[in-house]
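Student: Build me a structure from this.
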Amino acid sequence: MATTQSVIIKKLDGAFSPEHLEVINESASHNVPEGSESHFKVVLVSQNFEGQSAVKRHQSVYAVLAAELQSGVHALALHTYLPNEWKKYQSVPNSPNCLGGSKKP
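Tutor: Residues are numbered from 1 along each chain as shown. From the prediction side, this is the model:
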């Protein structure tokens, strides 16, 4: 059986032909059972984002991963770039610490 992470990689690779793709399972940093695949950070660099705002880029990723978002993926931290944008940054910010869902800062 394929992992959720591998399915996400396959779908994003097929839909966006990325120059760079990272799909990081961050579930262990959250208040979920061990072995969960519910929280992911995605770094996606694709020429397909040409002319799209950040909102449109994220919407296109959500559309590709609609089934996963309906069946267990709780959170996606999306970092979407054009190749020339990625050359400037080459890294993404760390995800914030989990507050356990019901804990207040």
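Student: Run through who's touching the helix or strand hosting Lys87.
Tutor: Assessed by DSSP states H and E, Lys87 sits inside helix 83-89. Residues outside helix 83-89 that contact it (C-beta atoms under 8 Å, 6 or more residues apart in numbering): Glu19, His20, Val45, Ser46, Gln47, Tyr81. In this view, the C-beta of every residue, glycine as well, is placed from N, C-alpha and C.
Student: Give me the distance from that helix to the chain's centre.
Tutor: Chain-centre distance of helix 83-89: 18 Å, with C-alpha atoms, centre = their mean, to the nearest Å.
Student: Show me where this protein has its strands.
Tutor: With DSSP state E as the criterion, the chain has strands at 20-25, 39-45, 75-81.
Student: Just name the most buried of those.
Tutor: Across these, the average number of neighbours (mean count of other C-beta atoms under 10 Å) peaks for strand 39-45, which reaches a mean of 21.
Student: count of neighbours near the closest residue to Lys11 other than its chain neighbours?
Tutor: In space, and not counting its chain neighbours, Lys11 is closest to Val64: 5.3 Å by C-beta to C-beta, 6 or more residues apart in numbering. When neighbours are defined as other C-beta atoms under 10 Å, Val64 has 16 of them.
Student: got it, and Ala15?
Tutor: The burial count for Ala15: 16, using other C-beta under 10 Å.
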